[in-house]
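*Asks:* fold the following for me, if possible:
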Amino acid sequence: MYYIITTHHVMTNRKLGEARYLYGLIMSLASKSGVCYASNDFLSKVMECDPRSIRTYISKLKEAKLIRVEYAENSSRLIYPLDTIVGQKIAEKPKKQHLKANEPEWLDEYIQDLANMK
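*Replies:* Numbers count the residues shown, from 1 in each chain. The predicted model follows:
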């Protein structure tokens with residue numbers, strides 16, 4: 001089972017609206033490697049919303065300086081959560097081997113767990 005992880009100041013920031021929940025999901029997906037590789041389609045399926053909403057939420061999170069978005073040479077998007085939990089920096093730039101076009105190994109297990117929750 002996976003958990004949504006976020007800090008108190010993010011959850012109580014009403015200006016972020018639904019983007020608060022996306023931030024928690026990004027934190028959860030980035031918990032092992034420090035980076036979230038998920039597409040807008042995947043994130044929208046998990047959050048049960050339109051992919052356009054995900055774009056809006058990502059913009060809000062970038063404006064609030066809670067995430068940094070980069071694009072790898074292979075056009076995959078990398079989302080780095082920039083907040084801290086328990087005094088430890090969550091996102092550090094991954095080593096080159098993490099910049100793959102395919103998703104991390106654990107993502108299939110995560111998707112299966114989400115499917116089993118319904």
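*Asks:* can you tell me the element T6 falls in?
*Replies:* Applying DSSP states H and E as the criterion places T6 outside every helix and strand.
*Asks:* could you do I54 as well?
*Replies:* With DSSP H and E as the criterion, I54 is inside helix 51-63.
*Asks:* tell me the strands beside the helix or strand that that helix is followed by, with direction?
*Replies:* Remark: after helix 51-63, the chain's next helix or strand is strand 67-71, criterion DSSP H and E. Here strand 67-71 is paired, per DSSP bridges, with strand 77-81 (antiparallel).
*Asks:* for the strand it pairs with, buried residues please.
*Replies:* 78-81 (16 or more other C-beta atoms under 10 Å). Where you see a C-beta, it was placed from the backbone N, CA and C, and this is true even at glycine.
*Asks:* now distance to R52 and pLDDT too, for those, in a markdown table please.
*Replies:* Listed next are these as a markdown table, based on distance: C-beta to C-beta, whole Å; pLDDT from 0 to 100:
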| residue | distance to R52 | pLDDT |
| --- | --- | --- |
| L78 | 21 | 93 |
| I79 | 17 | 94 |
| Y80 | 22 | 92 |
| P81 | 22 | 90 |
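*Asks:* now do the contacts for V10.
*Replies:* By C-beta atoms under 8 Å, 6 or more residues apart in numbering, V10 lies in contact with 16, 20, 23-24, 66, 83.
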